[in-house]
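[1] give me a 3D structure for the following:
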Amino acid sequence: PPPKEPVEGEAPDPPAEDEAEEEEVKAARLAKEEAGRLKKHVQDTELAIRTKGGRRWEAADGSVHALWKIALCTQVHEGLEAKTTGKPKKKAGYKTTYIGVRTCCVPAVLTAAPQVLDFGEITLSERKILHITLENLVPSEPQNIRLDPLPETACFAVLNAARPVKDKPFQLAVEFKPQYAQIYKASLRIFSQSARVEVQLQGKGVRPILAIEPDNGVLQFGAIVAPLHRADAEHPADMVEQTMKILNNSGFTLEYELRSVAQQDKNHTGVQPFTVTPATGAVQANGSQTVTIAFQPHQPCSLFREKMLVHVADQPEPQYLYLYGSCFEYQNYVAYDVEATQFDHLPPPPDPIIGPSGKKTFHLSFKAPTGEESEEDAGDPNVLFLKVGSCVPPGTRGQFKAGPGGNYDFILQPNPPFSDYFAVENGKGAVQSGATQKVGFRYKPPTDSSLQVGGLSLDLLDNIGQWITATVKGTITGGFVPPEMPAAQEVFVELKAYLKQI
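    I've put the predicted structure just below:
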């Protein structure tokens with residue numbers, strides 16, 4: 001601001017140097033008054049202690065000693081004294097008893113932080129490690145640390161050995177591994193030649209309840225075009241994503257980890273076909289966690305499979321994920337009809353036989369009748385299926401959108417009389433990208449299987465017959481075609497069945 005104009009009859013403002021001196025004098029006066037008040041407070045406190053029968057004094061080593069006189073007042077009920085002493089009743093009164101207490105406070109030498117080590121809620125049989133920091137406030141005097149043993153049933157343990165603490169802090173690693181669903185508490189006593197500190201340890205063992213969506217854990221990712229001819233820095237390989245949920249149906253935090261248990265085809269040089277995000281984490285009480293699983297194959301394969309364990313400690317039954325996916329060079333493909341279900345082991349994936357000239361042949365064999373049925377034979381035993389599908393549109397990264405796929409046509413090749421016993425169902429049609437169609441192949445045995453000849457029954461020859469075969473040719477067109485490859489794919493299906501006849 002501009003300087004203030006002087007006014008007649010008014011003293012001019014003092015110079016800035018005089019103002020600084022006044023501030024210093026004022027600050028010194030306030031500090032002196034504060035010191036005087038503090039000294040008077042100490043004197044008044046000591047006088048009050050002496051007046052009430054106590055004492056307080058300080059030693060040369062900095063320790064503070066005190067003698068306290070504590071009064072205990074008790075009210076005597078009317079008539080109580082007469083019963084005990086036989087004296088006449090007196091009115092209710094008070095009796096005072098004094099207790100003398102000696103205390104001593106010494107300067108802190110060793111400190112521990114934190115003073116309460118809280119592990120929180122930990123799933124049973126899981127372990128959590130926290131640290132206690134010890135600091136020596138008198139570095140010139142090293143403190144030789146020793147620990148009192150912890151109770152064996154407390155589920156706490158000190159993992160590292162104690163050592164002398166000098167001018168640098170030292171950390172003790174403490175582990176908590178609960179065995180039962182309950183609250184645990186213990187005291188860790190830490191000693192040195194001139195100090196003693198105590199740290200309270202506490203934690204809670206919990207048993208969260210795990211559930212997943214989908215309930216059976218099966219995720220089908222469909223098929224993807226192989227990245228052999230298209231992937232580069234500007235056009236990364238196709239990838240399809242799906243999500244699943246981990247549910248925590250308990251009032252405790254649940255920590256999970258997804259672990260691969262069995263894998264059909266591993267990638268030894270890069271990203272695995274199935275990747276999980278996040279693979280580890282915590283689910284809050286009565287909450288859920290969405291997990292994203294990406295399928296990005298590295299080479300053609302008719303069937304990628306992987307089994308993953310959703311690991312949560314102390315669960316009554318393990319929960320698994322079963323992941324299915326496929327990868328082909330062409331966008332449209334033919335494959336064996338393998339149902340996506342839970343599995344315990346991984347047999348080799350069923351693949352067609354490719355001849356020297358590149359001829360791709362699928363083999364379907366109908367079971368010979370035995371007269372005994374099993375649960376595996378449920379359904380029509382005279383119908384077998386192949387799957388015609390179309391991969392997700394090239395360039396898919398995440399969720400795909402349905403679009404045009406391709407066409408297929410399966411024709412039974414004439415081979416009388418055996419070809420007359422077979423038929424193709426849904427042999428011609430179109431399939432959308434990301435979808436599949438089933439093509440059925442039916443065996444039609446003769447309806448008349450009677451073995452009556454001239455009034456004579458030949459039942460002993462009931463199962464005598466021969467294996468017969470027929471061939472079906474399939475043509476697949478449309479969709480993405482690899483460079484320098486024919487636009488139409490030709491596949492062959494070899495059908496085999498047992499014909500009862502003499």
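[2] state the phi and psi torsions of the nearest residue to residue 390 once chain neighbours are set aside.
    For residue 390, ignoring the flanking residues on the chain, the nearest one in space by CB to CB, 6 or more residues apart in numbering is residue 405 at 3.1 Å. All C-beta atoms are positioned from the backbone trio N, CA, C, and that covers glycine. According to degrees, to the nearest 10, the main-chain angles of residue 405 amount to phi -120, psi -100.
[3] OK, contacts around residue 405?
    Neighbouring residues of residue 405 by CB atoms under 8 Å, 6 or more residues apart in numbering: 331, 332, 390, 430, 431, 432, 433, 434, 435, 478, 479.
[4] the helices in the stretch 201-350 of the chain, which residues?
    Using DSSP state H, counting those that start in this stretch, no helices are found in the stretch 201-350 of the chain.
[5] is residue 60 in a helix, a strand, or coil?
    Secondary structure state of residue 60, per DSSP: H, G, I helix; E, B strand; the rest coil, is coil.
[6] just checking: what are the partner strands of the host helix or strand of residue 490?
    If you go by DSSP states H and E, residue 490 is part of strand 489-500. As defined by DSSP bridges, the strand partners of strand 489-500 come to strand 360-365 (parallel), strand 465-477 (antiparallel).
[7] C-terminal to the shortest one, what's the next element?
    Stepping forward along the backbone from strand 360-365, the first helix or strand reached (DSSP H and E) is strand 383-390.
[8] show which residues not belonging to that following strand make contact with it.
    Here strand 383-390 makes contact (CB under 8 Å, 6+ apart) with 222-223, 326, 331-337, 362, 364, 366, 405-406, 408, 425, 431-443, 476, 479, 493, 495.
[9] quick one: average pLDDT of the helix or strand following it?
    For strand 383-390, the succeeding helix or strand toward the C-terminus, using DSSP H and E, is strand 397-398. Averaged across strand 397-398, pLDDT comes to 82.
[10] one more: stretch 491-502?
    88.
[11] which ones are touching residue 469?
    By CB under 8 Å, 6+ apart, the contact set of residue 469 is 415, 418, 494, 495, 496, 497.
[12] can you select the buried ones among the contacts of strand 383-390 for me in ChimeraX?
    One line in ChimeraX is enough to select the buried ones among those; burial here means 16 or more other CB atoms under 10 Å:
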select :222,223,326,331,332,333,334,335,336,362,364,366,405,406,408,431,433,434,436,437,439,440,441,442,443,476,479,493,495
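[13] let's see which of the contacts of strand 383-390 end up in strands.
    Using DSSP state E, the members of the contacts of strand 383-390 that fall in strands are 222-223, 326, 332-336, 362, 364, 406, 408, 425, 431, 436-443, 476, 493, 495.
[14] pLDDT-wise, which helix or strand of the chain ranks last?
    Using mean pLDDT, DSSP states H and E, helix 80-85 stands out as the lowest-scoring helix or strand of the chain, at a mean of 56.
[15] now the most centrally placed residue in the chain: how far from residue 286?
    Centroid-nearest residue in the chain: residue 256, 2.7 Å away (criterion: CA atoms, centre = their mean). Note on residue 256: its distance to residue 286, by CB to CB, to the nearest Å, is 15 Å.
[16] can you check residue 59 too?
    58 Å.
[17] ok, now which ones touch the closest residue to residue 331 other than its chain neighbours?
    In space, and not counting its chain neighbours, residue 331 is closest to residue 479: 3.3 Å by CB to CB, 6+ apart. Residue 479 makes contact with 330, 331, 332, 390, 391, 404, 405, 406, 433, according to CB under 8 Å, 6+ apart.
[18] tell me the one among these nearest to residue 293.
    residue 391 (18.1 Å; CB to CB).
[19] what pairs with the closest residue to that closest one other than its chain neighbours across the strands?
    Distance criterion CB to CB, 6+ apart; nearest residue to residue 391, sequence neighbours excluded, is residue 223 at 4.3 Å. Here residue 223 sits in beta bridges with residue 326, going by DSSP bridges.
[20] show the contacting residues for residue 223.
    Counting by CB under 8 Å, 6+ apart, residue 223 touches 325, 326, 327, 328, 333, 389, 390, 391, 392.
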